[in-house]
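>>> sequence unknown, structure follows:
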């Protein structure tokens, strides 16, 4: 497979990669860089049913994470976010519900972190797709995600916080 892919690259050089991180992984495995980037889009029809309405937040603040729990570059920022929201909840006496949509090899480490946090309620909803995902996102006051998941949240009309990647513990 590697020889076939290498030959294909030499002859056609039309492979695409999503971003520099994917390009680095590709280079590590195949020793080649890809020069074209694949645009990541959310289909236009997802935006048609958004109705913009002003929300007044109650005593409870409903947050959602949408994305893989990868135990690599996504989990550290998610864990940092959970600790920061816990401090905010404590200092401002604000009830926060944090729903996590997604799963992956980092789920166990995130559950361990969640057990340490007492000021916010953290729910693991697992993988959700389609209309159920859209309705889940729309039921929240704010969404947190990286990459395409952030686009999906924004397409639902929910305010979105785009989080940075980190391969290690995020400093305070």
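Looks like it came in fine. This one's a predicted model, so the numbers in the text were calculated from it and none came from an experiment.
>>> next, count neighbours for residue 106.
Applying other CB atoms under 10 Å, we find 20 residues neighbouring residue 106. Just so you know, the C-beta spots here come from the backbone N, C-alpha and C atoms, and that holds for glycine as well.
>>> ok, it touching residue 75?
Yes: using CB atoms under 8 Å, residue 106 is in contact with residue 75, at 4.2 Å.
>>> anything in contact with each of these two?
Contact criterion CB atoms under 8 Å, 6 or more residues apart in numbering; residues shared by residue 106 and residue 75: residue 69.
>>> quick check: chain neighbours aside, which residue is closest to residue 81?
Among residues not flanking residue 81 along the chain, residue 144 sits closest, at 6.0 Å (CB to CB, 6 or more residues apart in numbering).
>>> where are the low-confidence patches of this structure?
Applying pLDDT under 70 to the chain flags residues 1-21, 37-43, 45-58.
>>> ok now the longest helix anywhere in it, how far from the chain's centre?
Ordering each helix of the chain by length in residues (DSSP state H) puts helix 75-92 first. Helix 75-92 sits 16 Å away from the centroid of its parent chain (CA atoms, centre = their mean, to the nearest Å).
>>> helix or strand right after it?
Next along the chain after helix 75-92, taking DSSP states H and E as the criterion, comes strand 95-101.
>>> quick one: contacts of the following helix or strand past that next one?
Using DSSP H and E, the helix or strand that follows strand 95-101 towards the C-terminus is helix 107-116. Helix 107-116 has contacts (CB under 8 Å, 6+ apart) with 69, 71, 75, 78-79, 82-83, 100, 122, 124.
>>> now the buried members of those residues.
Buried members of those, scored by 16 or more other CB atoms under 10 Å, are 69, 75, 78-79, 82-83, 100, 122, 124.
>>> redo the residues you listed as a markdown table? Include distance to residue 140.
As requested, the buried ones among the contacts of helix 107-116 are arranged in a markdown table below (distance: CB to CB, whole Å):
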| residue | distance to residue 140 |
| --- | --- |
| 69 | 18 |
| 75 | 20 |
| 78 | 15 |
| 79 | 19 |
| 82 | 15 |
| 83 | 20 |
| 100 | 11 |
| 122 | 13 |
| 124 | 15 |
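>>> having no further points to raise, I will conclude here.
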